[in-house]
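Colleague: Below is the sequence, then the predicted model.
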Amino acid sequence: MDNLKSNTIVFLLKFVQYNFKYIKDFKEGDLYFTPLRQFIDLENLHGNQKTGDRYEGTIHQDIDNLQSLTIAGYQINVNEVSNMSLDTSIPDYMLDNYGICSFFAVRFRDLEKIDEGHNTYKIKRKTLNDIKMTEDGNRILFGVNNIIELLKESVNYRIQNGPVLYYNPKDIDALQIDDNAKMFYKLEKYKFQHEFRLIKDISDGNNVLHFNSIKNFAFNAEHMIFNS
């Protein structure tokens, strides 16, 4: 494994709600895609800032370096302006018509070698803490280690996939990011999630896809993570 690049995904983790049907479906390779709006509502309506995110599908840019500001033809003294921000969002219909399925990506850089002779690794303590931070409610942790096959299936389904990019709201140009890309951006406060997401158009009412890479290669990761 020593020749792997630091950002190579070694395996994916996913918390599945402790419900017989959800667990059975996941083990059989069926993944659910949740509308983006549901994550917005989780924070706005329920105060959940762990899974919820009011800025899902939105780039939030803090502006603190204004050179000039004109509103309705009136020149504003920028020295009197504070806490100004710019939000650019995907169209409202996309919040209901696009669903995401999220995983925690464990990369090669998240591992440390513990036995040179047997090429043995363990997950770094910080990454373990990040995994535990993502736990939200009564859930079981599963792992998936056939990443290549999962990506191939995603391409065959013609769905979007990729890592989430975590950004500093003071260091981003919101106007330069297109709508599809916005769905892969989150504020840097969420970087503990190490998120890799699949995004599907669910406007036809179908929010489930079957993945053989999940059915054949998923494993219970509870012992590996919580007893480390």
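Modeller: Yep, that arrived.
Colleague: Spatially central residue for the protein, please.
Modeller: Centroid-nearest residue in the chain: Glu195, 3.3 Å away (criterion: C-alpha atoms, centre = their mean).
Colleague: So what touches stretch 36-46?
Modeller: 48-49, 51-57, 90, 94-96, 98-100, 183 (C-beta atoms under 8 Å, 6 or more residues apart in numbering). Backbone N, C-alpha and C define where each C-beta goes, glycine included.
Colleague: May I see the buried residues of that stretch?
Modeller: By 16 or more other C-beta atoms under 10 Å, the buried positions in stretch 36-46 come out as Leu36, Arg37, Phe39, Ile40, Asp41, Leu42, Glu43.
Colleague: These in helices, which ones?
Modeller: If you go by DSSP state H, the buried residues of stretch 36-46 have Leu36, Arg37, Phe39, Ile40, Asp41, Leu42, Glu43 in helices.
Colleague: Now list the buried members of the contacts of stretch 36-46.
Modeller: For the contacts of stretch 36-46, buried by 16+ other C-beta under 10 Å: 51-53, 55-57, 90, 94-95, 98-100, 183.
Colleague: now, which of these lie within helices?
Modeller: Using DSSP H, the subset of the buried ones among the contacts of stretch 36-46 located in helices is Met94, Leu95.
Colleague: So which of the buried ones among the contacts of stretch 36-46 are in strands?
Modeller: Tyr98, Gly99, Ile100 (DSSP state E).
Colleague: Pull the contacting residues for the last one.
Modeller: This points to Ile100. Phe33, Thr34, Leu36, Phe39, Met183, Arg197, Leu198, Ile199, Lys200.
Colleague: Distance check, Ile59 against Glu188.
Modeller: For Ile59, the distance to Glu188 (C-beta to C-beta, to the nearest Å) stands at 12 Å.
Colleague: Please enumerate the shared neighbours of those two.
Modeller: Taking C-beta under 8 Å, 6+ apart as the contact rule, Ile59 and Glu188 both touch Tyr167.
Colleague: quick one: terminal-to-terminal distance for stretch 113-126?
Modeller: In stretch 113-126, first residue to last residue: 15 Å (C-alpha to C-alpha, to the nearest Å).
Colleague: quick one: low-confidence parts of this protein?
Modeller: 1-2, 64-83, 228 (pLDDT under 70).
Colleague: can you rerun that using 80?
Modeller: 1-4, 63-84, 116-118, 226-228 (pLDDT under 80).
Colleague: Which stretches in it count as helices?
Modeller: Taking DSSP H as the test, the helices found in the chain are 20-27, 36-46, 92-97, 125-134, 147-157, 179-182, 212-217, 222-226.
Colleague: list the helices and strands the last one packs on?
Modeller: With contacts defined as 3 or more C-beta pairs under 8 Å, 6 or more residues apart in numbering; DSSP states H and E, the packing partners of helix 222-226 are helix 125-134, strand 139-144.
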